[in-house]
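J.: Turn this into a structure:
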Amino acid sequence: MFNWIIYVLIVVATFITMEAVAWLTHKYIMHGIFWFLHKDHHQKDHPSFFERNDFFFLIFAIPGIICLALGSFYGNNIALAIGIGITIYGAAYFFVHDIFIHQRFKVLRNTNHWYFKAIRRAHKMHHKHVNKEYGECFGMLWVPFKYYRENKATKTS
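T.: Numbers count the residues shown, from 1 in each chain. Next comes the predicted model:
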């Protein structure tokens, strides 16, 4: 019984760690050496539904797939738990970033929830910079407190 609690904690810790990994990767790799893949996410230069930026989905999926395979085929439960955490984060990223924020599928358009409004506002501030320099708000789920305060201020005025 104690083992499954440890594995659940590993899944949760991996999910939380993935937000830091996503932030660092977004700031230093996507807005750095791999800007050529990420650029079309900021500067829509094509009519296609897909972006070159979508390749990052595959790049981020590889460690999760490897961990899931190690766990499934070789009985490594720690690797399996890490793979599950990475996969859950990937699903959350897809739903929050691609569906909720960028509306790649036209659902979840209207929300008045303070947290989701802060996420959307922070991401909008990120996209106001169309070049790789001077970016801000590189995370997805962790939003600077100023965006919560802005929501509270606009609610009361």
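
J.: contacting residues around residue 67?
T.: Applying CB atoms under 8 Å, 6 or more residues apart in numbering to residue 67 gives the contacts 79, 80, 82, 83, 86. C-beta here means a position set from N, CA and C on the backbone, and glycine is covered the same way.

J.: Name the nearest residue to it, sequence neighbours excluded.
T.: residue 83 (3.1 Å; CB to CB, 6 or more residues apart in numbering).

J.: same check, this time on residue 45
T.: residue 39 (7.9 Å).

J.: Spatially nearest residue to the residue sitting nearest the centre point of the chain (excluding sequence neighbours)?
T.: The centroid of the chain falls nearest to residue 93 when counting by CA atoms, centre = their mean (3.8 Å). Nearest residue to residue 93, sequence neighbours excluded (CB to CB, 6+ apart): residue 140, at 5.7 Å.

J.: For the nearest residue in space to residue 34 that is not next to it in sequence, give its distance to residue 97.
T.: Spatial nearest neighbour of residue 34, excluding adjacent residues (CB to CB, 6+ apart): residue 56 at 7.9 Å. In this view, residue 56 and residue 97 are 11 Å apart by CB to CB, to the nearest Å.
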